[in-house]
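1. can you look at this prediction? I've put the sequence above it.
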Amino acid sequence: MALLEMRGIRKSFSGVPVLKGVDLTVSEGEIHALLGENGAGKSTLMNILTGTIPFDGGEIKFDGQELKNISVKLSEKLGIAFVHQELNLFNDLKVFENIYINRELTGLFGKLNKKEMIRRSEDLFRRLGVKMDPTAMVSDLRTGDKQLLEISKALLTGAKLLILDEPTTSLNNDEVEHLFSIVSDLKKKGISFIFISHKMPEIFKYCDTYTVFRNGEFISSGKIADTTPEGVTRLMVGHSEDAGSYVKRETGETVLNLTHMSGKGFRDVSMEVKKGEIVGLTGLQGCGSSEFMQCLFGITPKTAGKIEVFGKEYKGGSVHRAMKAGIGLLPANRKENSVIPDMSIIENMYLAEHTLSAGKFHLNKTKELKKYDSFQELLNIKAKSGNMPIVSLSGGNQQKVFIARWLNTNAEILLFDNPTQGIDVGAKEEIYKLIHTLAMKGKTILVNTLEIPELQKVADRCVVFYGGSIAGELTHDEIDEHTVMMYSTGLANDKESKEVV
């Protein structure tokens, strides 16, 4: 039975149509994947459903009731909840205070009944199979627990339909499994989910049905069991995903030489990287590869070992020192660590270069615009003007601006930490091609990612981390899901040690 029916939904902004008569049907007790590239119209449709914005035309039915004027309060009352990618939690409040915010339980004379709110929170967590202390500060929770707290908040109001927007972006494998075990239990109780994600393995592992949008239009809908990741990708982008993007190249002399390097979260890393080489780093979440990149860029100090850049010893321990040595970092969390939202595209681009040349008191706007124009052409940044706000760009185009940020400093060693996080399939392909283009121009690139298909498309070789140290190294032809997972979990070395015995 259909819980949600949206038919012929239309929406325009300033006369520009963003939804062109799209359909979406979600049944009771199913996980429905809503798919499409950034800008396809997914978020607009969900904002209409939750009453954030009005719709121009079409028909919406929820639980058998036709909805003509949806408000946020009506949406919540009906049992529709939106768990956003950017979690709406108050870090300086306790868990139970977040759950009951704006619906506090009070006693005599309006006094807060904290004891009862804590008791009910404990009962809620018990029913969900969530291990969480209601009196803990939200700031002390792991990201996975924060996701579960958001879901718990929604279920307290009796939600029948939960919209999960990129819920696993910052979760490790165990947290993803835990999240979906709870989602699966709720599904058995008749609760429905709309799952918005760009991660095909998760979509095909956990979802029952799918709907694809492209450029504001409904493209297709069906059962996950009746399609393939390649088929869905083709529907999303309008053509087949380019699976053969890896290009083998000649590499130059050694530009980065690490000897027994240790730091916070990793230890005893030795590695040589050549000019124009693309080295993939991977492992399970928390394996130490991201921490290794941060140390190499000077965010955290190294505690042991030696680093040589272009044959000269590099002490590290300072971001400015790393920049002067020709190292640039694309951090994992773009929104927190890269975007300066109040600045324009061009201001975000030249930020790092002008930090290096702090002695300059004035900017030459003509010169900066000329540099931006050249990078826009090289990186294919889709923007009408460099003076537009950085937040007006899609995630993929923002990443290109931040790559331009480091090219503008003449960085020769580029550290890309999870560079395609939260961007759509088409934009990912552009980033892969861009990485190859930069490598062919002589840039040396380290790419840290949890996605094995990503490594297969870009990496000349792959270094697998486990427990903070290097567990193994694979050539391009050796990179596959099974082999990487064996090293990522420590099973490969355990097997090898048993065979030696």
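-> Right, received. Where do you want to start? Numbering: from 1, shown residues only.

2. chain neighbours aside, what residue packs nearest to residue 157?
-> Distances taken as Cβ to Cβ, 6 or more residues apart in numbering place residue 76 nearest to residue 157, at 6.0 Å, with adjacent residues excluded. Where you see a C-beta, it was placed from the backbone N, CA and C, and this is true even at glycine.

3. so what touches the helix or strand where that neighbour lies?
-> Using DSSP states H and E, residue 76 sits in helix 72-78. Here helix 72-78 makes contact (Cβ atoms under 8 Å, 6 or more residues apart in numbering) with 49, 50, 51, 52, 62, 63, 65, 67, 157, 160.

4. if we use 10 Å, what do you get?
-> Helix 72-78 is contacted by residues 48-52, 62-63, 65, 67, 70-71, 80-82, 154, 157-161 when judged by Cβ atoms under 10 Å, 6 or more residues apart in numbering.

5. CA atoms only: put that helix into CSV for me.
-> Extracted in CSV, the C-alpha atoms of helix 72-78 (Å, rounded to 0.1, in the frame of the first residue of the first chain):
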residue,chain,number,x,y,z
VAL,A,72,6.3,22.4,8.5
LYS,A,73,4.0,21.8,11.5
LEU,A,74,1.5,19.8,9.4
SER,A,75,4.3,17.7,7.9
GLU,A,76,5.5,16.8,11.4
LYS,A,77,2.0,16.2,12.6
LEU,A,78,1.4,13.7,9.8
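
6. model confidence over the helix or strand following it, on average?
-> Sequence order places strand 80-83 as the next helix or strand after helix 72-78, per DSSP H and E. For strand 80-83, the mean per-residue pLDDT is 88.

7. quick one: list the elements packing against strand 80-83.
-> helix 42-49, helix 72-78, helix 143-156, strand 161-165, strand 192-196 (3 or more Cβ pairs under 10 Å, 6 or more residues apart in numbering; DSSP states H and E).

8. I'd guessed residue 172 sits against residue 147; true?
-> No - with contacts counted by Cβ atoms under 10 Å, residue 172 stays clear of residue 147, the gap being 11.8 Å.

9. mutual contacts of the two, please.
-> With Cβ under 10 Å, 6+ apart as the test, residue 172 and residue 147 both reach residue 178.

10. those two: which is more packed in?
-> residue 147 (26 against 17; other Cβ atoms under 10 Å).

11. got the contact list for that one?
-> 83, 85, 87, 89, 141, 164, 167-171, 175-176, 178-179, 182.

12. tell me which residues of the helix holding residue 76 are tucked away?
-> The neighbour-count criterion (16 or more other Cβ atoms under 10 Å) identifies 75, 76, 78 as the buried residues of helix 72-78.

13. on that earlier part again, from the contacts of residue 147, which ones fall inside strands?
-> Judged by DSSP state E, strands contain the following of the contacts of residue 147: 83, 164.

14. neighbour-wise, which one of the contacts of residue 147 leads?
-> Busiest of the contacts of residue 147 [other Cβ under 10 Å] is residue 167, holding 28 neighbours.

15. isn't it up against residue 180?
-> Yes - with contacts counted by Cβ under 10 Å, residue 167 reaches residue 180, the gap being 9.2 Å.

16. between these two, what contacts are shared?
-> Shared contacts of residue 167 and residue 180 (Cβ under 10 Å, 6+ apart): 193, 195, 202.

17. nearest to residue 128 among those?
-> For the shared contacts of residue 167 and residue 180, the closest approach to residue 128 (Cβ to Cβ) belongs to residue 193, at 14.2 Å.

18. separation between that closest one and residue 481?
-> 26 Å (Cβ to Cβ, to the nearest Å).

19. do the same with residue 161
-> Applying Cβ to Cβ to residue 161 and residue 481 gives a distance of 33 Å.

20. what does residue 258 give?
-> 27 Å.

21. show me which of those two is the more surrounded one.
-> Neighbours per residue (other Cβ under 10 Å) separate residue 258 from residue 481, with residue 258 holding more: 19 against 11.

22. which SS state does the more buried one fall under?
-> strand (DSSP: H, G, I helix; E, B strand; the rest coil).

23. quick one, strands of the stretch 301-450 of the chain?
-> 302-309, 312-313, 327-330, 413-417, 444-448 (DSSP state E, counting those that start in this stretch).

24. what sits against residue 276?
-> Residue 276 neighbours (Cβ under 10 Å, 6+ apart): 249-253, 255, 412, 438-445, 460.

25. whichever strand or helix holds residue 17 versus strand 192-196: what angle between them?
-> According to DSSP H and E, residue 17 maps onto strand 16-27. Here the directions of strand 16-27 and strand 192-196 differ by 140 degrees (axes from the mean of the first three to the mean of the last three Cα atoms, to 10 degrees).

26. could you give me the buried positions within strand 16-27?
-> 18, 19, 20, 22, 23, 24, 26.

27. what's the distance between the fifth one and residue 209?
-> Noted for residue 23: a distance of 13 Å to residue 209, by Cβ to Cβ.

28. swap in the first one?
-> Note on residue 18: its distance to residue 209, by Cβ to Cβ, is 24 Å.

29. repeat that for the fourth one.
-> Remark: distance between residue 22 and residue 209 (Cβ to Cβ) = 16 Å.

30. kindly report the same for the second one.
-> The spacing between residue 19 and residue 209, counted by Cβ to Cβ, is 20 Å.

31. same check on the third one?
-> Counting by Cβ to Cβ, the gap from residue 20 to residue 209 is 22 Å.

32. now the contacts of helix 72-78: which count as buried?
-> 48-51, 62, 67, 70, 80-82, 154, 159-161.

33. out of those, who's nearest residue 307?
-> Using Cβ to Cβ, the buried ones among the contacts of helix 72-78 come closest to residue 307 at residue 82, 45.6 Å.

34. and the chain, what are its domains?
-> Split into domains by automatic domain parsing, the chain comes to 2-237, 254-335+411-500.
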